[in-house]
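Undergrad: Pasting the sequence and the predicted model now:
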Amino acid sequence: MTRLEATPPRTAEPDEFTAVFEQHFDAIHRYVARRLGTEAADDLAAQVFAEAFANRGKYRSERGEIRPWLFGIATNLIRRHHRREQAAWRAYAKHGADPLGIDAQPRLDEVAVAKALGTLHARDRDALLLFVWADLTYEEIGAVLDIPVGTVRSRINRARTRLRSELETMR
Amino acid sequence: MIDELETLRGVRDGAPSPSEAARAGARAAWDGGTAALVTPRPLPRQRAVRHFAARSAIALAVAAAVVAAGLIVTRHRIDSVKPTHVVAIGPRAEPAAGRPETFLLVGTDSRAFVQTPAQKEEFGDPADEPGQRSDTMVLLRVDPGSHRVLAVSLPRDLLVDIPGCGSMKLDAAFNDDLVCGGVHGGAALLTDIVATELHVPVDHVVEIGFTGFQSLVDDLGGIRVSFGVHVRDMYTGLDLEPGCQTLNGTQALSFVRSRHLQGFVDSKWLPEPGSDLARMVREQLALRLLANAAIARAGDDPAPLLHLLFDNVTVDDHFTAQDALVLFDALRNDHEATTMTLPVVPANEDGSVSLSPDPTTASVLDVLAGRRATLPTLPPGSATGIAYPATAC
């Protein structure tokens, strides 16, 4: 349900699809795992590709590469769980331990960042994490979230400010 | 100098690569989808096929309410009491009066009822999660003669052959986004597949959704369960301290939906090995408790309970209050109603399962279909994956 416009389905090229999976699955899985945990990622990463496949007619190569498009789909799926994600970040901050069990012994600055992530609006968190964890450009984030680049910039700035102030509080 | 982005890059940087099993499962699904492109059959109009956290599990309260409905019909004229919500399942041979009947209870995750922002927050937006999936399927065999009741949970990941679509998981047959050979998924297709794949003819269908389940539980006074440790599920919102407590409708719903249970042990949250089987065992407990509550609750004027049932569930177009009577009589007389999960073995690495080759599996299906009278001696129950058992209290 990325908001890219529909175009007629492309010709079926199974080899091409296989290559897409091989090339991007691990990165998508890892991104989801960092936000929702490994177990959730097992389900959700597969779902990203199922949805990409079902909506392949909506993918427009002139709008960008397939990688950001896949991260866009992942973001939409993750957003359905934003309250749980938020609760997990808050638990991380409260207990100083990662409830997903990924960070074994978080440093204090990581805990502070987790706390900030738990207070961000989902929209700001999406933009920030697509930028930092998925390494998308502002333009790519704008394209997959269907928002102007200026909006991407302001969301990321707002999120960064939040993180910084939490880190400063810690000192 | 603080660099917040550097710190953020380090957070959960050690997230592991996907396991081989997860990768292979997703790859198999992906290959199945791409392969379907080059086959001549029509591609199902399939969207995001399922939603990992929304695998709800509900059907159970149905039996309880059916029990309650049965109470009424024993004391009152029943012919005037008609179901409110009905789904067509096609022509069926009605069992003769007094003959055993087989009910299929289906818990559905349909969000079609969602209207208010609060409901969107709690259950998800129907725009994001269109259609319906069967998250819970229980076959219930009721014999009015012997007053025996057998409830068998069907794993939703059971691989079946759906004509026009090929090998799919059983719950896909209920998915109304799916079209196989021109037939939409739903109660009718699901009962057809249960008949052709499990060889169990289904006489009646009872469907229940999120809100129907909640209000049934609330109106029956909740269910009392106990965990040995503090448990939670980040996906369903379940959060229960150890010890005996009464779950209201909302808590009971998250109790039966939870497949990502964590227990607080040694100052750490430890996950229960992800397993649909553990969830089904919790479902069966809830089913028994609700049946008991309905029986205990029904007094001299059980009429409201019948209306409660028909307000909150959808039944097939052959279902009458007489059918509720059959179920009630049996449940009332069989205090040891047997609940179990259909024996299955892993099929693929994507979590799908197939019927266990053990001969007892066929015998269980024979009992459900009326080809055999008594259950075989079951192999010792495998408690695999049940880290934090819940008990009645």
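TA: Done, it's in. Residues are numbered from 1 along each chain as shown, chains lettered A, B, ... in the order given.
Undergrad: so where's the longest helix in chain B?
TA: helix B:276-297 (DSSP state H).
Undergrad: Show me what B:His85 bridges to in the sheet.
TA: Counting by DSSP bridges, B:His85 is bridged to B:Thr314.
Undergrad: For it, give its distance to B:Leu368.
TA: 25 Å (Cβ to Cβ, to the nearest Å). Yep, even glycine has a C-beta here, placed from its N, CA and C like the rest.
Undergrad: Any regions of the chain where pLDDT drops low?
TA: If you meant another chain, say so; for now it's chain A. Confidence mapping of chain A against pLDDT under 70 gives the ranges A:1-16, A:57-64, A:171.
Undergrad: Chain B was what I was after
TA: Filtered on pLDDT under 70, chain B yields the residue ranges B:1-2, B:29, B:31-81, B:111-115, B:120-131, B:274-275, B:297-305, B:325, B:328-336, B:378-385.
Undergrad: Helices of that one, residue ranges please.
TA: B:4-10, B:20-37, B:60-75, B:117-123, B:187-197, B:210-219, B:249-257, B:276-297, B:303-312, B:321-333, B:359-369.
Undergrad: Distance of B:Thr246 relative to chain A?
TA: 24 Å (Cβ to the nearest Cβ, to the nearest Å).
Undergrad: To what extent is that residue buried, counted in neighbours?
TA: 12 (other Cβ atoms under 10 Å in any protein chain shown).
Undergrad: again with A:Thr137
TA: Neighbours of A:Thr137 (other Cβ under 10 Å): 14.
Undergrad: So which bits of the stretch 251-393 of chain B are right by chain A?
TA: Within reach of chain A by Cβ under 8 Å from any Cβ of the partner chain, the stretch 251-393 of chain B has these residues: B:His260, B:Lys268, B:Trp269, B:Pro271, B:Gly274, B:Asp350.
Undergrad: among these, who's most crowded?
TA: Going by other Cβ under 10 Å, B:His260 tops these with 24 neighbours.
Undergrad: wait, doesn't it sit right on B:Tyr235?
TA: Yes: using Cβ atoms under 8 Å, B:His260 is in contact with B:Tyr235, at 5.0 Å.
Undergrad: returning to what we had before: just send the helices of chain B back as TSV, with mean neighbour count too.
TA: Shown next, in TSV, are the helices of chain B (neighbours: other Cβ atoms under 10 Å in any protein chain shown):
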stretch	mean neighbour count
helix B:4-10	18
helix B:20-37	18
helix B:60-75	27
helix B:117-123	14
helix B:187-197	21
helix B:210-219	22
helix B:249-257	24
helix B:276-297	22
helix B:303-312	20
helix B:321-333	22
helix B:359-369	19
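Undergrad: Now distance to B:Leu150 too, for those helices, in TSV please.
TA: Output for those, formatted as TSV (distance: least, Cβ to Cβ, whole Å):
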stretch	distance to B:Leu150
helix B:4-10	55
helix B:20-37	32
helix B:60-75	12
helix B:117-123	32
helix B:187-197	15
helix B:210-219	22
helix B:249-257	20
helix B:276-297	12
helix B:303-312	21
helix B:321-333	10
helix B:359-369	6
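Undergrad: who wins for proximity to B:Thr339 among the ones you listed?
TA: Among the helices of chain B, helix B:276-297 comes nearest to B:Thr339, with 4.0 Å by Cβ to Cβ.
Undergrad: For chain A, what's its nearest residue on the stretch 101-250 of chain B.
TA: B:Met234 (4.9 Å; Cβ to the nearest Cβ).
Undergrad: Report the separation between that residue and B:Gln214.
TA: 20 Å.
Undergrad: same question, B:Glu20
TA: Distance from B:Glu20 to B:Gln214, counting by Cβ to Cβ: 40 Å.
Undergrad: so how far does stretch B:294-306 reach from one end to the other?
TA: 11 Å (Cα to Cα, to the nearest Å).
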